[in-house]
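Undergrad: the sequence isn't on hand, but the structure is:
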């Protein structure tokens, strides 16, 4: 019997999946299949502590509705800026003289007002402003990513 069976009869208003979800995305996939295989589809499902783009995509494909994670802010603290297709490591010397935004298609405060070269300088010198601007960008990226997922769901593409 699946872990997901029986909760609805007990009066739960939703399901939350957390704890040890494996070491790889394939492990996460197995946990989601086992946890949600027989779960009632009308209950909202929350996945705790998972927030990277590929894992969110897998979660949504399995019917997960909400997520919580420190992933975007943790990446920002480590100089990793989220972009379509991956991350930019702003600390790399290749970005020291880049006179453009992190992502030219991003409309966040950071991308509208600061260059990648400036962010490189802030991170290299340990300026707190670099962490703040990186966090603003990463949260904006995640908001756009989630909005796109919601639109795909509404259009029955997921």
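TA: All right, it came through fine. Please read all numbers here as calculations on a predicted model, not as lab measurements. Numbers count the residues shown, from 1 in each chain.

Undergrad: surely residue 145 and residue 54 touch.
TA: No - when contacts are counted by Cβ atoms under 8 Å, residue 145 is not listed as touching residue 54 (11.1 Å). Bear in mind the C-beta positions are built from the backbone N, C-alpha and C, glycine included.

Undergrad: contacts for the helix or strand of the chain with the lowest mean pLDDT?
TA: Least confident helix or strand of the chain, by mean pLDDT, DSSP states H and E, is helix 25-36 with a mean of 86. Under the criterion Cβ atoms under 8 Å, 6 or more residues apart in numbering, residues 2-4, 15, 17, 21-22, 45, 47, 50, 54-55, 58-59, 62-64 lie in contact with helix 25-36.

Undergrad: next SSE after it?
TA: Using DSSP states H and E, the next helix or strand after helix 25-36 towards the C-terminus is strand 45-48.

Undergrad: what packs against that next one?
TA: Packing partners of strand 45-48 (3 or more Cβ pairs under 8 Å, 6 or more residues apart in numbering; DSSP states H and E): strand 15-17, strand 66-68.

Undergrad: who touches the last one?
TA: Which is strand 66-68. Residues from elsewhere that reach strand 66-68, judged by Cβ under 8 Å, 6+ apart: 44, 45, 46, 47, 48, 49, 50, 51, 56, 59.

Undergrad: name the strands paired with that strand and say parallel or antiparallel.
TA: If you go by DSSP bridges, strand 66-68 pairs up with strand 45-48 (parallel).

Undergrad: give the next helix or strand downstream of the partner strand.
TA: Toward the C-terminus, strand 45-48 is succeeded by helix 53-61 as the next helix or strand (DSSP H and E).

Undergrad: who are the packing partners of that following helix?
TA: Applying 3+ Cβ pairs under 8 Å, 6+ apart, we find helix 53-61 packed against helix 25-36, helix 128-154.
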